[in-house]
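K.L.:
Here's a sequence, model it:
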Amino acid sequence: MIFLISSGKLVTSAAGTVVRRGLTSHSFPFNLKQVLINKPSFTTIAPRSTSECCNRTVFDDNDEALPASLLSTTFSPARKSQTSPAFNALIRRGFSTQSEMEKKSDSKLSLLDSFFDKENITVKDTSSFNRWSLIPPAVAIHLSLGSVYAWSILNSSLTRELGVVSQSSGDWSVVDVVPIFSIICFVHGLSAGVFGKWQERVGPRRAGVYGALTFGAGLALAACGTEFHNLFLSLTSGVLIGCGIGFAYVPPVSTLVRWFPDKRGLANGLTVMGFGGGAVISSTAMSWFIKKFQEPPQFLGSVDKVDVITDETGMKLVEIGGAMKEVVIATEATLKTLTFEGLSEGVYLVGTGTTGTTMTLAALAVMYSTVMLASTLMMKVPPPHYHPKQDPVVDVALEHAKEKWTHKHEKSKHPMVSDKCVHVNDVMKTPQFWQIWTTFCSVSLAGMGMLSVANSMVIEMFQPSLPVVTVGFATTYVMALSAANLGGRLVWATVSDKIGRKNVFSLYTIGSIPLYASLPYFIHEAAATQSITPLFGYYASTMLLISLFGGSYSTTMAYEADVFGDKFVGAVHGRMLSASALGGLFGPTLITTFRNMKEKAAISDITSKVDVATFTEKFGTTPDNLDTLINNNSVSIPELLKIAPVGTFDPSPHLYDTALYSAAGLLVVAAVSNMLMRPVHPKYHMKDDDPSDILHPIIPDENLKEIVQPCDLHPSHSTDKR
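P.N.:
Okay, the predicted model is just below:
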């Protein structure tokens, strides 16, 4: 028996059941193995062999019998390229798993599943739908996710959780806490790649809800890790936060790219500018919450009135109630770096007071998960082959013609824009994927490293020589970088629509090289001249750098759509985000590793110039235990310089030199990789109307794929005798 069903109206299952939506099912005792194509508006389903075609029943759109003479050709593996556009549209719009078919036909979909189902959030009538209304919720989601870019504001508090006003021996170091941000960025890119196909299949609403809940849970776990001073919990929170970003990052972007095929760069930029600008809001929120929840530790008195004992490990102790308690000493320079007001120099008891970080993270968890949930429920997707200014065409051949016309029109403006598509399963076989990956990874690695230490770096490098650099200044600086990130994502994305994605990536890479190389100069000049002018140069250079960094994130997906086609742009971008994952993992780690190597070398050099007796009197132990003192945060360059011979060189302004020059060198590699970009070789292009372009990314059920995959067809099953 053969059924002829109007294209776009077919639902099939592994059990061999064909259902016209709204009609009763017709079962037949054989497995579906072939899809025949007759005319653009009809599709036939054939049994395994011609012997089963004796009695044929054909139905039209009115469910009336049609002459069997309408049947013509059979789809066979040898002629995959002959498959008509109607076949692709039929598969795209009609197939679902058996369980989904039964739920729809029997109206047994639960309210929750129905609410999240991708088909239910697809806009059928686009003439009355305002696509611009999707930009606010998409931006709101990314504003929430982008809050992690202000994580450096928490670094200082996380390294003082026990001492509160100064680091105690049990407090975490910067090297301990920066990996939290690295893990977030790494898992973000990794999870986006792993779950890319799943996101495309389930749609932006379900993926967004999962992302909101996971993101909020990660921030809540970070609060627990801080409260119990458990570094493992804090690092694990980075995994959850990263997964939340990975779930929720791509769907809003890919959705807007499909809603704005005529403005890909702008749509991409409008969305991800929120991710870059999220730190503008979160830096303000973090600072406000920290001030609200922080409590000063117990003050024991000035240094000259408290008998402080330093043991052999460098730990400072005071006898209280017959027991030795650890204390920290807050100097005037230390207090300038804190947000507390009215504190005096002197001795403070460790384990009293709070930095407010725990409650800050908990408040952010509630705030951002709520915003993300509300925004993701507003997301909707366009119908296939949507084009603005008119409803989606019903005629499939016209849809394909319009799609090809759009690609050719764009290609006429920019040579890198292809009118062909590369399958997501083949995209990583192309050299172009790895060239974009290398460029994106290099820009990401350098930018992530800068953002991870932005707050602490500007205080550490400029505060000793420029009193204007306070905690408030550093917070404003992080906000400015976030604004540059936001603006860069929008501005450079718009520019890329004009000059082309390859040219704008050349701007990102070549333009960043002198900027990174100039930062050590500004730091050295500020320390030498104590002038505010080098600070302005540093401020402007880093803002421009971060704007270029943000621009790379807003245009990478559009670059992929240009080079590989937009059919699988969401899944391809998910794989491309592995570059961001690597950049997020190694960028912050490398910059802190290089800095610590320089610091340890500098401390060792200064110690060698200090009199041993003076050193022992100051730190309570001999220089032989220098490594122990460094690990316990009991020795620092400023403290050593106080007892060093007059004229001893201060190496503090040079701690980041190696890291910044390495970033400049890395961008040279990125520039070369991008300059060598060429269009994808035709051998990687998908054939016109190849069924695999629809079956592989859309159909999740393995049984169903076994039924309809072209490679599973056998010539002996064909009814074509020509």
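
K.L.:
isn't residue 662 right next to residue 590, touching?
P.N.:
Yes. Here residue 662 reaches residue 590: they are 7.1 Å apart, a contact under CB atoms under 8 Å. All C-beta atoms are positioned from the backbone trio N, CA, C, and that covers glycine.

K.L.:
These two - which one has more neighbours?
P.N.:
Neighbour count, other CB atoms under 10 Å: between residue 662 and residue 590, residue 590 has more, with 21 against 17.

K.L.:
a helix runs through the more buried one, doesn't it?
P.N.:
Yes. Checked against DSSP: H, G, I helix; E, B strand; the rest coil, residue 590 lies within a helix.

K.L.:
please renumber so the chain begins at 53
P.N.:
With 53 as the first residue, the last one maps to residue 642.

K.L.:
how about it, what does it touch?
P.N.:
By CB atoms under 8 Å, 6 or more residues apart in numbering, the residues touching residue 642 are 497, 501, 711, 714.

K.L.:
Tell me which of the residues you listed fall in helices.
P.N.:
For the contacts of residue 642, the ones inside helices are 497, 501, 711, 714, with DSSP state H as the criterion.

K.L.:
farthest pair in the residues you listed?
P.N.:
Distances among these were taken as CB to CB; the most separated pair is 497 and 711, at 11.1 Å.

K.L.:
For those two, indicate the residue with more neighbours.
P.N.:
Legend: neighbour count by other CB under 10 Å for residue 497 and residue 711, higher for residue 497 (28 against 25).

K.L.:
correct me, but that one touches residue 641?
P.N.:
No. The criterion here is CB under 8 Å, and residue 497 misses it with residue 641 at 9.9 Å.

K.L.:
From residue 243, how far out is the residue lying closest to residue 183 once chain neighbours are set aside?
P.N.:
Spatial nearest neighbour of residue 183, chain neighbours left out: residue 311 (4.5 Å); criterion: CB to CB, 6 or more residues apart in numbering. Between residue 311 and residue 243 the computed distance is 24 Å (CB to CB, to the nearest Å).

K.L.:
Tell me, how many residues neighbour residue 401?
P.N.:
Applying other CB under 10 Å, we find 18 residues neighbouring residue 401.

K.L.:
Run a quick neighbour tally on the closest residue to it other than its chain neighbours.
P.N.:
Among residues not flanking residue 401 along the chain, residue 350 sits closest, at 4.3 Å (CB to CB, 6+ apart). Using other CB under 10 Å, residue 350 has 15 other residues around it.

K.L.:
what's the model's confidence in stretch 595-609, averaged?
P.N.:
The pLDDT scores in stretch 595-609 average 90.

K.L.:
go on, stretch 504-519?
P.N.:
Averaging pLDDT along stretch 504-519 gives 89.

K.L.:
Equivalent analysis for stretch 289-309, please.
P.N.:
Mean pLDDT, stretch 289-309: 91.

K.L.:
What ranges does the stretch 253-402 of the chain have for its helices?
P.N.:
With DSSP state H, counting those that start in this stretch as the criterion, the stretch 253-402 of the chain has helices at 256-279, 283-311, 316-345, 384-388.

K.L.:
Output those in CSV, with distance to residue 514 and mean neighbour count appended to each entry.
P.N.:
Output for the helices of the stretch 253-402 of the chain, formatted as CSV (distance: least, CB to CB, whole Å; neighbours: other CB atoms under 10 Å):
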stretch, distance to residue 514, mean neighbour count
helix 256-279, 28, 23
helix 283-311, 28, 24
helix 316-345, 18, 24
helix 384-388, 12, 13
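
K.L.:
can you count the residues close to residue 167?
P.N.:
Residue 167 sits with 14 neighbouring residues when counted by other CB under 10 Å.

K.L.:
Pull the contacting residues for it.
P.N.:
Here residue 167 is in contact with residue 257 (CB under 8 Å, 6+ apart).

K.L.:
does it sit in a helix or strand, and which one?
P.N.:
In the assignment (DSSP states H and E), residue 167 maps to helix 163-168.

K.L.:
Name the next helix or strand downstream of that helix, please.
P.N.:
Sequence order places helix 187-197 as the next helix or strand after helix 163-168, per DSSP H and E.

K.L.:
That next one - contacts with which helices or strands?
P.N.:
Here helix 187-197 touches helix 256-279, helix 283-311, helix 316-345, helix 409-428, going by 3 or more CB pairs under 8 Å, 6 or more residues apart in numbering; DSSP states H and E.

K.L.:
Make sure residue 691 is actually in contact with residue 667.
P.N.:
No. With contact defined as CB under 8 Å, residue 691 does not count as touching residue 667 (10.4 Å).

K.L.:
Please enumerate the helices of the stretch 553-702 of the chain.
P.N.:
Listed in chain order, the helices of the stretch 553-702 of the chain (DSSP H, counting those that start in this stretch) span 553-581, 585-616, 621-661, 664-671, 678-683, 689-695.

K.L.:
Okay then, goodbye and thanks.
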